[in-house]
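Participant: any chance you could fold what I've pasted below:
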Amino acid sequence: MESKQKYSKEAYDSLVRQLEELKNVRRPQIVHQIEEARSFGDLSENAEYDSARTEQAKVEAEIKELEDKIRNAEIINESEIDTAAVSIGSVVTVEDEDGEQEEYVIVSQNEVDSFSNRISNQCPIGKALAGHRVGDLVTVMVENQKGVMISSYKLKILSVERKEKSEPHV
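Facilitator: Numbering: from 1, shown residues only. Below is the predicted model:
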């Protein structure tokens, strides 16, 4: 049995929309492409047919993956989260030891987008910030793939806010 994966309501809804798009739009398009390719005759040398079947396999795999994610999803009830402490859904501004400031959105592992500074509550920075409040100085422990700490650095929490309702990056 797979463990439950945490999602914001927005991220969960995005998964459902993606699944509906694949099932109700993309899958019928591919079935039509396959039927059309079959009409060209000999399937053994029919590139259109092979291409459509390959695409069908990809879409079916995506559908299965999304169905599994939805089935094993746990939606985070953001109204029960302490908004003063860093947790999933927090927008956190920190300052490093060099005085550089950075803003992070703390999200579940399923919503990570490093290009938008949407970091997991399970990554080193997310773990270090979790549960802390404005003014706290936290130590970020950086480990190698074997779990051995290779370095650390400190961050000061300057602000903790709740994220605005926006389209998630799933």
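
Participant: for the lengthiest helix in the chain, packing partners?
Facilitator: Looking across the chain with DSSP state H, the single longest helix is helix 47-71. With contacts defined as 3 or more Cβ pairs under 8 Å, 6 or more residues apart in numbering; DSSP states H and E, helix 47-71 has these neighbours: helix 9-21, helix 27-38. The way it works is simple: take the backbone N, C-alpha and C, and place the C-beta from them, glycine included.

Participant: one more time with 10 Å, if that's ok
Facilitator: Other elements packing on helix 47-71 under the criterion 3 or more Cβ pairs under 10 Å, 6 or more residues apart in numbering; DSSP states H and E are strand 5-7, helix 9-21, helix 27-38.

Participant: could the ones you listed be laid out in JSON lines, adding distance to V140 and mean pLDDT?
Facilitator: Output for the helices and strands packed on helix 47-71, formatted as JSON lines (distance: least, Cβ to Cβ, whole Å; pLDDT from 0 to 100):
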{"stretch": "strand 5-7", "distance to V140": "22", "mean pLDDT": "80"}
{"stretch": "helix 9-21", "distance to V140": "25", "mean pLDDT": "91"}
{"stretch": "helix 27-38", "distance to V140": "44", "mean pLDDT": "91"}
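
Participant: just put the ones you listed in CSV and tack on mean neighbour count and distance to G89.
Facilitator: Below are the helices and strands packed on helix 47-71 laid out as CSV (neighbours: other Cβ atoms under 10 Å; distance: least, Cβ to Cβ, whole Å):
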stretch, mean neighbour count, distance to G89
strand 5-7, 20, 10
helix 9-21, 16, 10
helix 27-38, 14, 33
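
Participant: out of those, the one nearest Q101 is which?
Facilitator: When the helices and strands packed on helix 47-71 are compared by Cβ to Cβ, helix 9-21 sits nearest Q101, at 26.2 Å.

Participant: if we can go back for a sec, quick one: closest of the helices and strands packed on helix 47-71 to V134.
Facilitator: Closest approach to V134 among the helices and strands packed on helix 47-71 (Cβ to Cβ): strand 5-7, 24.0 Å.

Participant: elements contacting the closest one?
Facilitator: So strand 5-7, by 3+ Cβ pairs under 10 Å, 6+ apart, packs with helix 9-21, helix 47-71, strand 73-75.

Participant: that's all I had, so thanks and see you.
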